[in-house]
Structure formats: C-alpha cells, structure tokens
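>>> just the structure for this:
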Amino acid sequence: MTIGFSVEGSTDEALLTGLQRRWCPAATLVKGKVRGTSGISSRREIRKVCIELRTKNADLVVFLRDANLESWRTVLKEDEAHCDGAHRHFAIFGVCDRNVECWLAADPDYIANRFHRDRRDFLVSNPKRAVESTFGITRHDKKEEQIASFVKEAPLKNWLNSPSFEDFYGKLWNLSKRLPLCKIENLRDTHP
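Now for the predicted structure:
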C-alpha cells in the first residue's frame, strides 16, 4: 500500500510518519508537492498533487495543513471543495487548529511528563515555540525522527480533545475499514 501526502513543513511530515508507523507500518509514504509552493490556485494545486501521487501509485492521498489564524473548519471546507470528484474517494484532508504543534501539544500532561517540562508551557493558544524548544528543533535540525517516534507512542486518545484532530482521526478511522493493511485503533472506545 502506498500513502501519498502533501504537507506544509517537516513537522507535519513527521507527524504523518508517526501515524503511518503506528497504524499502517507496511505502507510506504510518498511525498507530493509541498503545499503552497506551486504559485497556482488551491483548486489546481490540490488536483495536480492528486494526479502526481496517483501516477506514483498512491492508494490514498493525505493533505495536511495549518489553519494559522483562520477557522480550521473554514479552511477544511475550502480545501475539500477544491478537490474534484475524480479524486475525492482517495483524498483525506486535515487542518490543524493553528499549526501542527497544537496537535503535538494536545495532551499537555503527556508531552510535559515525557520531556520533563511544565504542562503550562503547552496550555497556550500557539504552542509552537514550546514544542520546538521541547524537541530541540532548529533551522538546521527539524527532529523529524523524534517527532515521528513521539506520535507513534503518544496516547492519541487524549488528542481527541482537539476538534480538528478528532475530525482528521474520524476520516482516517472510516477509511481504514477499506484499507486492510492499516490497523487504526478505536480511540473513541471507552472500554480499556
């Protein structure tokens, strides 16, 4: 199985890598054009990425981006509207609340305990600086492997407190029923 993806940056890519290792370890990730770099409209950009990744035999294409200062739901609706019918059945869109660091800090207790930090560092509207500091991310070292490992091991059930992550997870959960190589745990299951 091949999972194509298009993201805005290395932290987004590391998050997807962690999810792939956790839920679809037999799958191969194939990177498409980075979002926002083509200089063309979103509608054409999304279409071109879908075509590019289908030619690379992607069974699924994941688009992940940040909402920045916009409503994540508005950004999501716009992106989904730009995906034409020929590609909708294999495209999944995720939009992080403000940035992907919001998802990484969605369980402030876990990230704080794991890295011996104060949980209050992560209880802010934009935890980007705290997350980058926690992982030691620099301009020249993006710490993709450490982020992917963190995501693979994190108690993602607690990330469902983030409505944008819950939406993304729900789409992946529903799709996983058609993807025999992916074993996505039921994070919504209240029984141990």
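
>>> in this structure, where is pLDDT below threshold?
For the chain, residues meeting the criterion pLDDT under 70 lie at 35-43, 190-192.

>>> all helices of it, in order?
10-23, 42-55, 72-81, 85-88, 100-104, 108-115, 128-135, 144-153, 163-176 (DSSP state H).

>>> tabulate those helices (JSON lines), appending distance to Leu187 and mean neighbour count.
Bear in mind the C-beta positions are built from the backbone N, C-alpha and C, glycine included. Output for those, formatted as JSON lines (distance: least, Cβ to Cβ, whole Å; neighbours: other Cβ atoms under 10 Å):
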{"stretch": "helix 10-23", "distance to Leu187": "11", "mean neighbour count": "21"}
{"stretch": "helix 42-55", "distance to Leu187": "26", "mean neighbour count": "18"}
{"stretch": "helix 72-81", "distance to Leu187": "19", "mean neighbour count": "16"}
{"stretch": "helix 85-88", "distance to Leu187": "24", "mean neighbour count": "12"}
{"stretch": "helix 100-104", "distance to Leu187": "13", "mean neighbour count": "26"}
{"stretch": "helix 108-115", "distance to Leu187": "14", "mean neighbour count": "16"}
{"stretch": "helix 128-135", "distance to Leu187": "21", "mean neighbour count": "19"}
{"stretch": "helix 144-153", "distance to Leu187": "13", "mean neighbour count": "17"}
{"stretch": "helix 163-176", "distance to Leu187": "6", "mean neighbour count": "17"}
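
>>> and the ones you listed as JSON lines, adding distance to Ile184?
Listed next are the helices of the chain as JSON lines, based on distance: least, Cβ to Cβ, whole Å:
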{"stretch": "helix 10-23", "distance to Ile184": "5"}
{"stretch": "helix 42-55", "distance to Ile184": "21"}
{"stretch": "helix 72-81", "distance to Ile184": "20"}
{"stretch": "helix 85-88", "distance to Ile184": "20"}
{"stretch": "helix 100-104", "distance to Ile184": "16"}
{"stretch": "helix 108-115", "distance to Ile184": "19"}
{"stretch": "helix 128-135", "distance to Ile184": "24"}
{"stretch": "helix 144-153", "distance to Ile184": "13"}
{"stretch": "helix 163-176", "distance to Ile184": "4"}
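
>>> report how many residues lie close to Leu69.
Leu69 is flanked by 7 other residues according to other Cβ atoms under 10 Å.

>>> if you could redo that for Pro180, that was the one I meant.
If we define neighbours as other Cβ under 10 Å, then Pro180 has 9 of them.

>>> got the phi and psi for it?
Note on Pro180: its backbone torsions stand at phi -60, psi -20 [degrees, to the nearest 10].

>>> and it, how far is that from Ala148?
Separation of Pro180 from Ala148 (Cβ to Cβ, to the nearest Å): 23 Å.

>>> still on that earlier bit, and the helices of the chain: which comes nearest Gly32?
helix 42-55 (4.4 Å; Cβ to Cβ).
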